[in-house]
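Asks: What shape does this take:
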Amino acid sequence: MERTALVVGVTGIAGYNIATALVADGWRVVGLSRQPRYEIPGVEHVYADVLDRASVETVTAGLGISHLFFATWSRQATEAENCRVNGAMLASTLDAVATTSRLQHAVLITGLKHYLGPFEAYASAPAETPFRESSDRLAFQNFYYEQEDILFSAAAEHGFTWSVHRPHTMIGYALGNVMNMGVTLAVYGSICRATGQPFVFPGSPQQYGGVTDITDARLLGRHAVWSATTPAARNQAFNTTNGDVFRWRQMWARVAEGLGVEPAPYPGTPTPLEGRLGDADEVWSKLVAEHDLAPLSASELASWWHTDADLGREVETFADMGKSRALGFLDYQDSARSFLDLFDTLRAERIIPPLT
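Replies: Model prediction:
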(Lines give C-alpha, C1' and ligand atoms only; values in the text may rest on other atoms or scores of the structure.)
Protein backbone atom coordinates (compact mmCIF):
# COMPACT_ATOMS: atom_id res chain seq x y z
CA MET A 1 0.00 0.00 0.00
CA GLU A 2 1.38 3.41 -0.95
CA ARG A 3 2.28 5.60 2.00
CA THR A 4 2.04 9.33 1.45
CA ALA A 5 3.80 11.62 3.91
CA LEU A 6 3.21 15.32 4.37
CA VAL A 7 6.34 16.98 5.79
CA VAL A 8 5.54 20.40 7.21
CA GLY A 9 8.61 22.64 7.31
CA VAL A 10 10.32 20.62 4.60
CA THR A 11 13.05 23.21 3.87
CA GLY A 12 14.16 23.36 7.52
CA ILE A 13 16.91 21.22 9.01
CA ALA A 14 14.53 18.64 10.52
CA GLY A 15 12.01 18.60 7.69
CA TYR A 16 14.63 18.35 4.94
CA ASN A 17 16.26 15.32 6.54
CA ILE A 18 12.95 13.63 7.36
CA ALA A 19 11.87 14.06 3.76
CA THR A 20 15.18 12.67 2.50
CA ALA A 21 14.84 9.62 4.76
CA LEU A 22 11.27 9.03 3.59
CA VAL A 23 12.25 9.24 -0.08
CA ALA A 24 15.08 6.75 0.56
CA ASP A 25 12.54 4.42 2.17
CA GLY A 26 10.26 4.48 -0.88
CA TRP A 27 7.53 6.83 0.32
CA ARG A 28 5.57 9.34 -1.72
CA VAL A 29 6.59 12.60 -0.05
CA VAL A 30 4.80 15.94 -0.16
CA GLY A 31 6.73 18.83 1.36
CA LEU A 32 4.86 21.85 2.68
CA SER A 33 6.48 25.22 3.23
CA ARG A 34 5.28 28.80 3.20
CA GLN A 35 7.10 29.74 0.01
CA PRO A 36 9.53 28.21 -2.49
CA ARG A 37 13.13 28.03 -1.27
CA TYR A 38 14.77 25.05 -2.96
CA GLU A 39 13.73 21.77 -4.53
CA ILE A 40 14.40 18.43 -2.83
CA PRO A 41 14.80 15.41 -5.15
CA GLY A 42 11.84 13.05 -4.91
CA VAL A 43 9.64 15.54 -3.04
CA GLU A 44 6.44 17.14 -4.36
CA HIS A 45 6.34 20.72 -3.06
CA VAL A 46 3.19 22.57 -2.01
CA TYR A 47 2.93 25.99 -0.39
CA ALA A 48 0.61 27.18 2.35
CA ASP A 49 0.49 29.09 5.63
CA VAL A 50 -0.08 26.62 8.46
CA LEU A 51 -1.84 29.31 10.47
CA ASP A 52 -4.44 29.37 7.69
CA ARG A 53 -6.36 26.10 7.87
CA ALA A 54 -8.14 26.74 4.56
CA SER A 55 -4.84 27.12 2.68
CA VAL A 56 -3.60 23.79 4.08
CA GLU A 57 -6.87 22.11 3.12
CA THR A 58 -6.56 23.49 -0.40
CA VAL A 59 -3.06 22.14 -1.05
CA THR A 60 -3.64 18.74 0.62
CA ALA A 61 -7.06 17.98 -0.89
CA GLY A 62 -6.94 14.78 -2.91
CA LEU A 63 -3.39 13.85 -1.89
CA GLY A 64 -4.41 11.01 0.43
CA ILE A 65 -1.99 11.90 3.23
CA SER A 66 -1.44 8.87 5.44
CA HIS A 67 1.31 10.27 7.69
CA LEU A 68 2.07 13.78 8.90
CA PHE A 69 5.52 14.96 10.02
CA PHE A 70 5.33 18.38 11.69
CA ALA A 71 8.78 19.98 11.85
CA THR A 72 8.38 23.74 11.95
CA TRP A 73 8.02 26.51 14.52
CA SER A 74 7.81 30.30 14.69
CA ARG A 75 9.84 32.20 17.29
CA GLN A 76 7.82 34.78 19.22
CA ALA A 77 8.76 37.48 21.74
CA THR A 78 7.30 35.68 24.78
CA GLU A 79 6.58 32.08 25.68
CA ALA A 80 2.89 32.92 25.98
CA GLU A 81 2.99 34.01 22.33
CA ASN A 82 5.07 30.94 21.42
CA CYS A 83 2.32 28.78 22.92
CA ARG A 84 -0.44 30.66 21.14
CA VAL A 85 1.16 30.85 17.70
CA ASN A 86 2.92 27.47 17.57
CA GLY A 87 -0.08 25.75 19.11
CA ALA A 88 -2.35 27.29 16.49
CA MET A 89 0.03 26.24 13.69
CA LEU A 90 -0.13 22.60 14.73
CA ALA A 91 -3.87 22.63 15.50
CA SER A 92 -4.85 24.10 12.14
CA THR A 93 -2.58 21.66 10.28
CA LEU A 94 -3.95 18.63 12.10
CA ASP A 95 -7.54 19.72 11.57
CA ALA A 96 -6.94 20.43 7.89
CA VAL A 97 -5.22 17.13 7.15
CA ALA A 98 -7.78 15.16 9.15
CA THR A 99 -10.45 16.80 6.96
CA THR A 100 -8.80 16.11 3.59
CA SER A 101 -7.26 12.69 4.31
CA ARG A 102 -7.57 9.56 6.40
CA LEU A 103 -4.58 10.29 8.63
CA GLN A 104 -2.98 7.23 10.22
CA HIS A 105 -0.09 8.71 12.20
CA ALA A 106 1.35 12.12 13.10
CA VAL A 107 4.96 12.81 14.13
CA LEU A 108 5.76 15.98 16.07
CA ILE A 109 9.34 17.28 16.34
CA THR A 110 10.04 19.31 19.49
CA GLY A 111 13.35 19.29 21.40
CA LEU A 112 15.24 19.19 24.67
CA LYS A 113 13.69 22.45 25.86
CA HIS A 114 11.11 19.95 27.06
CA TYR A 115 13.62 19.26 29.86
CA LEU A 116 15.47 22.60 29.94
CA GLY A 117 12.56 25.02 29.89
CA PRO A 118 11.57 27.84 27.51
CA PHE A 119 13.93 30.65 26.50
CA GLU A 120 12.45 32.90 29.21
CA ALA A 121 13.55 30.45 31.94
CA TYR A 122 16.13 28.50 29.95
CA ALA A 123 18.06 25.95 32.02
CA SER A 124 17.08 27.72 35.26
CA ALA A 125 15.58 24.57 36.82
CA PRO A 126 16.15 21.73 34.35
CA ALA A 127 15.35 18.06 34.68
CA GLU A 128 18.12 15.78 35.92
CA THR A 129 20.54 14.34 33.38
CA PRO A 130 20.46 12.09 31.55
CA PHE A 131 17.09 13.38 30.33
CA ARG A 132 14.53 10.60 30.13
CA GLU A 133 11.15 10.60 28.45
CA SER A 134 9.49 9.61 31.73
CA SER A 135 10.52 12.89 33.42
CA ASP A 136 7.72 15.12 34.66
CA ARG A 137 7.05 18.35 32.82
CA LEU A 138 8.77 21.42 34.27
CA ALA A 139 6.77 24.07 36.12
CA PHE A 140 7.02 26.58 33.24
CA GLN A 141 4.81 27.52 30.35
CA ASN A 142 6.32 25.77 27.33
CA PHE A 143 5.04 25.65 23.76
CA TYR A 144 6.29 22.06 23.45
CA TYR A 145 3.82 21.04 26.15
CA GLU A 146 1.08 23.03 24.41
CA GLN A 147 1.79 21.26 21.12
CA GLU A 148 1.85 17.83 22.75
CA ASP A 149 -1.56 18.42 24.34
CA ILE A 150 -2.99 19.58 21.01
CA LEU A 151 -1.56 16.47 19.32
CA PHE A 152 -2.98 14.11 21.96
CA SER A 153 -6.43 15.71 21.72
CA ALA A 154 -6.52 15.65 17.92
CA ALA A 155 -5.38 12.01 17.84
CA ALA A 156 -8.17 11.02 20.19
CA GLU A 157 -10.74 12.99 18.16
CA HIS A 158 -9.69 11.83 14.69
CA GLY A 159 -8.44 8.31 15.46
CA PHE A 160 -4.79 8.48 14.41
CA THR A 161 -1.68 7.48 16.36
CA TRP A 162 1.23 9.76 17.18
CA SER A 163 4.88 9.97 18.15
CA VAL A 164 6.95 12.86 19.50
CA HIS A 165 10.69 13.36 18.98
CA ARG A 166 12.89 15.45 21.28
CA PRO A 167 16.23 16.05 19.53
CA HIS A 168 19.14 17.96 21.01
CA THR A 169 21.04 20.54 18.95
CA MET A 170 20.67 19.41 15.34
CA ILE A 171 23.67 19.21 13.04
CA GLY A 172 22.94 18.82 9.35
CA TYR A 173 22.47 20.42 5.98
CA ALA A 174 19.86 23.18 5.72
CA LEU A 175 20.23 26.84 4.86
CA GLY A 176 18.56 29.83 6.47
CA ASN A 177 17.52 27.80 9.50
CA VAL A 178 17.29 29.48 12.88
CA MET A 179 18.52 26.42 14.82
CA ASN A 180 21.61 25.32 12.94
CA MET A 181 24.78 25.26 15.00
CA GLY A 182 26.77 23.30 12.42
CA VAL A 183 26.43 25.89 9.67
CA THR A 184 26.96 28.70 12.19
CA LEU A 185 30.26 27.20 13.34
CA ALA A 186 31.28 26.64 9.72
CA VAL A 187 30.74 30.33 8.95
CA TYR A 188 32.52 31.37 12.16
CA GLY A 189 35.53 29.13 11.44
CA SER A 190 35.75 30.29 7.84
CA ILE A 191 35.77 33.93 8.94
CA CYS A 192 38.47 33.20 11.53
CA ARG A 193 40.57 31.41 8.91
CA ALA A 194 40.25 34.32 6.48
CA THR A 195 40.86 37.13 8.98
CA GLY A 196 43.25 35.56 11.46
CA GLN A 197 40.81 35.98 14.35
CA PRO A 198 41.16 33.30 17.04
CA PHE A 199 38.77 30.38 16.71
CA VAL A 200 37.82 30.36 20.36
CA PHE A 201 35.03 28.32 21.92
CA PRO A 202 32.38 30.99 22.63
CA GLY A 203 30.42 29.28 25.38
CA SER A 204 30.42 28.68 29.11
CA PRO A 205 32.96 26.74 31.21
CA GLN A 206 30.19 24.27 32.05
CA GLN A 207 29.60 23.48 28.38
CA TYR A 208 33.30 23.45 27.55
CA GLY A 209 34.08 20.86 30.21
CA GLY A 210 30.78 19.09 30.76
CA VAL A 211 29.25 16.04 29.11
CA THR A 212 26.89 16.76 26.22
CA ASP A 213 25.52 15.28 23.01
CA ILE A 214 24.03 16.37 19.69
CA THR A 215 21.56 15.10 17.09
CA ASP A 216 22.59 14.44 13.52
CA ALA A 217 19.63 15.54 11.41
CA ARG A 218 20.06 12.46 9.20
CA LEU A 219 19.59 10.23 12.24
CA LEU A 220 16.53 12.25 13.26
CA GLY A 221 15.07 11.55 9.82
CA ARG A 222 15.57 7.82 10.18
CA HIS A 223 14.26 7.83 13.75
CA ALA A 224 11.09 9.68 12.70
CA VAL A 225 10.43 7.18 9.89
CA TRP A 226 10.98 4.34 12.37
CA SER A 227 8.53 5.73 14.93
CA ALA A 228 5.91 6.29 12.23
CA THR A 229 6.05 2.68 11.05
CA THR A 230 6.82 0.62 14.17
CA PRO A 231 3.74 -0.56 16.08
CA ALA A 232 5.56 -0.55 19.43
CA ALA A 233 6.46 3.12 18.93
CA ARG A 234 2.88 4.32 18.57
CA ASN A 235 1.70 6.94 21.06
CA GLN A 236 5.19 7.38 22.51
CA ALA A 237 7.67 10.22 22.99
CA PHE A 238 11.35 9.65 22.17
CA ASN A 239 14.62 11.41 22.79
CA THR A 240 16.62 11.56 19.57
CA THR A 241 20.39 11.91 19.92
CA ASN A 242 23.39 10.36 18.21
CA GLY A 243 24.06 7.75 20.90
CA ASP A 244 27.48 9.01 22.00
CA VAL A 245 28.55 11.79 24.36
CA PHE A 246 31.51 14.19 24.33
CA ARG A 247 33.01 17.28 25.94
CA TRP A 248 33.47 20.44 23.89
CA ARG A 249 37.06 20.75 25.08
CA GLN A 250 37.64 17.56 23.07
CA MET A 251 35.30 18.26 20.16
CA TRP A 252 36.48 21.83 19.52
CA ALA A 253 39.80 20.61 18.09
CA ARG A 254 37.96 18.22 15.74
CA VAL A 255 35.67 21.02 14.55
CA ALA A 256 38.66 23.32 14.03
CA GLU A 257 40.51 20.67 12.04
CA GLY A 258 37.47 20.16 9.83
CA LEU A 259 37.42 23.89 9.06
CA GLY A 260 41.16 24.24 8.51
CA VAL A 261 41.70 26.60 11.42
CA GLU A 262 43.73 26.38 14.64
CA PRO A 263 41.69 26.05 17.86
CA ALA A 264 42.41 28.91 20.24
CA PRO A 265 42.95 28.34 23.97
CA TYR A 266 39.72 28.61 25.94
CA PRO A 267 39.70 31.93 27.87
CA GLY A 268 37.69 30.52 30.77
CA THR A 269 34.65 32.76 30.25
CA PRO A 270 32.01 33.07 27.52
CA THR A 271 32.77 35.22 24.46
CA PRO A 272 29.41 35.19 22.63
CA LEU A 273 29.44 35.15 18.86
CA GLU A 274 26.63 37.68 18.48
CA GLY A 275 28.74 40.38 20.10
CA ARG A 276 31.94 39.54 18.22
CA LEU A 277 30.73 39.13 14.66
CA GLY A 278 29.00 42.40 13.93
CA ASP A 279 30.95 42.76 10.66
CA ALA A 280 30.33 39.19 9.53
CA ASP A 281 28.24 40.15 6.50
CA GLU A 282 30.95 42.49 5.22
CA VAL A 283 33.69 39.88 5.64
CA TRP A 284 31.51 37.15 4.16
CA SER A 285 30.69 39.17 1.04
CA LYS A 286 34.41 39.33 0.30
CA LEU A 287 34.73 35.55 0.75
CA VAL A 288 31.75 35.00 -1.57
CA ALA A 289 33.42 37.09 -4.27
CA GLU A 290 36.88 35.60 -3.77
CA HIS A 291 35.77 31.95 -3.83
CA ASP A 292 32.67 32.21 -6.05
CA LEU A 293 30.41 31.00 -3.26
CA ALA A 294 26.63 30.88 -3.23
CA PRO A 295 25.29 34.47 -3.03
CA LEU A 296 24.23 34.31 0.60
CA SER A 297 25.08 36.60 3.49
CA ALA A 298 26.54 35.43 6.80
CA SER A 299 23.37 36.50 8.56
CA GLU A 300 21.32 34.30 6.20
CA LEU A 301 23.49 31.30 7.00
CA ALA A 302 24.44 31.71 10.66
CA SER A 303 22.29 31.92 13.77
CA TRP A 304 24.64 33.55 16.28
CA TRP A 305 22.06 33.97 19.04
CA HIS A 306 20.91 30.35 18.98
CA THR A 307 24.44 28.92 19.03
CA ASP A 308 25.28 31.32 21.87
CA ALA A 309 22.25 30.02 23.79
CA ASP A 310 23.26 26.39 23.22
CA LEU A 311 26.94 26.81 24.07
CA GLY A 312 26.32 29.31 26.85
CA ARG A 313 24.24 27.01 29.05
CA GLU A 314 25.54 26.65 32.57
CA VAL A 315 24.11 23.15 33.10
CA GLU A 316 25.06 19.74 31.78
CA THR A 317 22.80 18.59 28.95
CA PHE A 318 22.48 15.11 27.50
CA ALA A 319 19.66 12.63 26.89
CA ASP A 320 19.14 8.92 27.39
CA MET A 321 18.29 6.78 24.32
CA GLY A 322 17.43 3.62 26.26
CA LYS A 323 13.72 3.72 25.46
CA SER A 324 14.33 3.68 21.70
CA ARG A 325 16.97 0.95 22.04
CA ALA A 326 14.58 -1.25 24.02
CA LEU A 327 11.97 -0.92 21.26
CA GLY A 328 14.42 -1.79 18.48
CA PHE A 329 15.87 1.48 17.16
CA LEU A 330 19.61 0.75 17.24
CA ASP A 331 20.88 3.44 14.87
CA TYR A 332 23.97 5.40 15.89
CA GLN A 333 25.97 8.35 14.57
CA ASP A 334 29.51 9.39 15.48
CA SER A 335 29.19 13.03 16.55
CA ALA A 336 32.55 14.23 15.20
CA ARG A 337 31.56 12.78 11.84
CA SER A 338 28.31 14.77 11.99
CA PHE A 339 30.31 18.01 11.91
CA LEU A 340 32.91 16.82 9.40
CA ASP A 341 30.33 15.44 6.96
CA LEU A 342 28.40 18.69 7.13
CA PHE A 343 31.52 20.77 6.42
CA ASP A 344 32.30 18.57 3.41
CA THR A 345 28.76 19.09 2.09
CA LEU A 346 28.93 22.86 2.61
CA ARG A 347 32.18 22.99 0.64
CA ALA A 348 30.78 20.79 -2.13
CA GLU A 349 27.74 23.07 -2.41
CA ARG A 350 29.99 26.16 -2.42
CA ILE A 351 28.45 27.52 0.75
CA ILE A 352 31.80 27.90 2.59
CA PRO A 353 35.30 28.35 1.11
CA PRO A 354 37.47 25.36 0.15
CA LEU A 355 40.34 24.34 2.40
CA THR A 356 42.95 24.93 -0.32
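
Asks: all helices for the stretch 201-350 of the chain, in order.
Replies: Ranges of helices within the stretch 201-350 of the chain are 205-209, 217-229, 248-259, 273-276, 280-291, 298-301, 304-311, 322-326, 335-348, based on DSSP state H, counting those that start in this stretch.

Asks: swap in the stretch 51-200 of the chain?
Replies: Under DSSP H, counting those that start in this stretch, the stretch 51-200 of the chain gives helices at 53-60, 79-100, 113-116, 143-158, 181-195.

Asks: Just put those helices in a markdown table and tack on distance to Asp334.
Replies: Yep, even glycine has a C-beta here, placed from its N, CA and C like the rest. Converted to a markdown table, the helices of the stretch 51-200 of the chain look like this (distance: least, Cβ to Cβ, whole Å):
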| stretch | distance to Asp334 |
| --- | --- |
| helix 53-60 | 38 |
| helix 79-100 | 32 |
| helix 113-116 | 24 |
| helix 143-158 | 28 |
| helix 181-195 | 14 |
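
Asks: Tabulate the ones you listed in JSON lines, adding columns for distance to Thr169 and mean pLDDT.
Replies: Below are the helices of the stretch 51-200 of the chain laid out as JSON lines (distance: least, Cβ to Cβ, whole Å; pLDDT from 0 to 100):
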{"stretch": "helix 53-60", "distance to Thr169": "29", "mean pLDDT": "97"}
{"stretch": "helix 79-100", "distance to Thr169": "19", "mean pLDDT": "97"}
{"stretch": "helix 113-116", "distance to Thr169": "11", "mean pLDDT": "97"}
{"stretch": "helix 143-158", "distance to Thr169": "15", "mean pLDDT": "98"}
{"stretch": "helix 181-195", "distance to Thr169": "5", "mean pLDDT": "96"}
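
Asks: Export the ones you listed as TSV, with columns for mean neighbour count.
Replies: Listed next are the helices of the stretch 51-200 of the chain as TSV, based on neighbours: other Cβ atoms under 10 Å:
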stretch	mean neighbour count
helix 53-60	18
helix 79-100	20
helix 113-116	22
helix 143-158	18
helix 181-195	23
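
Asks: Can you say which of these is nearest to Thr20?
Replies: Ranking the helices of the stretch 51-200 of the chain by proximity to Thr20 (Cβ to Cβ) places helix 181-195 first, at 15.9 Å.

Asks: what's the distance between that closest one and the middle of its chain?
Replies: Here the centre of mass of C-alpha atoms in helix 181-195, compared against the chain's by Cα atoms, centre = their mean, to the nearest Å, lies 19 Å away.

Asks: quick one, what contacts Gln236?
Replies: Residues near Gln236 by Cβ atoms under 8 Å, 6 or more residues apart in numbering: 133, 163-164, 227, 323, 327.

Asks: which one of these is nearest Leu219?
Replies: Ser227 (12.5 Å).

Asks: these two touch, right, the closest one and Trp162?
Replies: No: at 9.2 Å, Ser227 and Trp162 do not qualify as touching, with contact defined as Cβ atoms under 8 Å.

Asks: so what's in contact with these two at the same time?
Replies: By Cβ under 8 Å, 6+ apart, the residues touching both Ser227 and Trp162 are Val107.

Asks: Where does the prediction get shaky in the stretch 1-150 of the chain?
Replies: Along the stretch 1-150 of the chain, segments meeting pLDDT under 70 span 1.

Asks: Try it again at 90.
Replies: Scanning the stretch 1-150 of the chain for pLDDT under 90 picks out the ranges 1-2, 35-39, 119-120, 122-124.

Asks: In the stretch 151-300 of the chain, where is pLDDT below threshold?
Replies: The model of the stretch 151-300 of the chain has pLDDT under 90 over residues 173-180, 275, 278.

Asks: contacting residues for the closest residue to Thr72 other than its chain neighbours?
Replies: Counting by Cβ to Cβ, 6 or more residues apart in numbering, Thr72 lies nearest to Gly9, which is 2.9 Å off, once chain neighbours are set aside. Gly9 makes contact with 15, 32-33, 70-73, according to Cβ under 8 Å, 6+ apart.

Asks: Quick check: which of the helices of the stretch 51-200 of the chain is nearest to Leu219?
Replies: Smallest distance to Leu219 across those (Cβ to Cβ): 13.4 Å, for helix 181-195.

Asks: Quick one: residues contacting Ala264.
Replies: 198-201.

Asks: which of the residues you listed are buried?
Replies: 199-201 (16 or more other Cβ atoms under 10 Å).

Asks: mind putting the residues you listed in a markdown table, distance to Glu262 included?
Replies: Below are the buried ones among the contacts of Ala264 laid out as a markdown table (distance: Cβ to Cβ, whole Å):
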| residue | distance to Glu262 |
| --- | --- |
| Phe199 | 7 |
| Val200 | 10 |
| Phe201 | 13 |
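
Asks: State the phi and psi torsions of Gly12.
Replies: Dihedral angles of Gly12 (phi, psi; degrees, to the nearest 10) stand at phi -80, psi 170.

Asks: So it versus Tyr173, what's the distance?
Replies: Separation of Gly12 from Tyr173 (Cβ to Cβ, to the nearest Å) stands at 11 Å.

Asks: Who has more neighbours out of those two?
Replies: Gly12 (26 against 21; other Cβ atoms under 10 Å).

Asks: Who wins on neighbours among the contacts of Gln236?
Replies: Neighbour max across those (other Cβ under 10 Å) = Ser227, 26 neighbours.
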